[in-house]
Every structure is written in structure tokens, then in C-alpha cells.
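*Asks:* what's the 3D shape of this:
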Amino acid sequence: MQLKRTKVLNRTNKQRRATMFMLAKSLMYPLIQPSYNAKPKEL
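*Replies:* A predicted model of the protein is given here:
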């Protein structure tokens, strides 16, 4: 039971890390390459 639990936890951690990476990428993308529609105001 313990091994199964850790495996599931590892899988969810991987998914969470991937989703966080995608979120960070989508948030940082307009800062790195500002598009014409949404330009960051502070830069």
C-alpha cells in the first residue's frame, strides 16, 4: 500500500510540476515577447 501511495504521489507531483511550468511559461511569455494585443504596462 505504501509503495502504491508513493507512486501515485510522484505521478501527481509530476503533473503538478508540469502544470506549474506551463502556467509560469504562459505568464512570462508576454513579458519576454510582448504581443500587440497585451503589452505589459510596466516595461
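*Asks:* when you work out contacts or count neighbours from here on, use the C-alpha atoms and nothing else.
*Replies:* Fine.
*Asks:* and Tyr29, helix, strand or coil?
*Replies:* When classified by DSSP: H, G, I helix; E, B strand; the rest coil, Tyr29 comes out as helix.
*Asks:* number of residues surrounding it?
*Replies:* 12 (other C-alpha atoms under 10 Å).
*Asks:* from Ala18, how far out is it?
*Replies:* Going from Tyr29 to Ala18 by C-alpha to C-alpha, to the nearest Å gives 16 Å.
*Asks:* check Arg11 too.
*Replies:* Distance, Arg11 to Ala18, by C-alpha to C-alpha: 11 Å.
*Asks:* now do Lys7
*Replies:* Plainly put, Lys7 is 17 Å away from Ala18 if you go by C-alpha to C-alpha.
*Asks:* and Leu27, how many neighbours?
*Replies:* Leu27 sits with 11 neighbouring residues when counted by other C-alpha under 10 Å.
*Asks:* low-confidence ranges in the protein?
*Replies:* Along the chain, the model assigns pLDDT under 70 to residues 1-2, 30-43.
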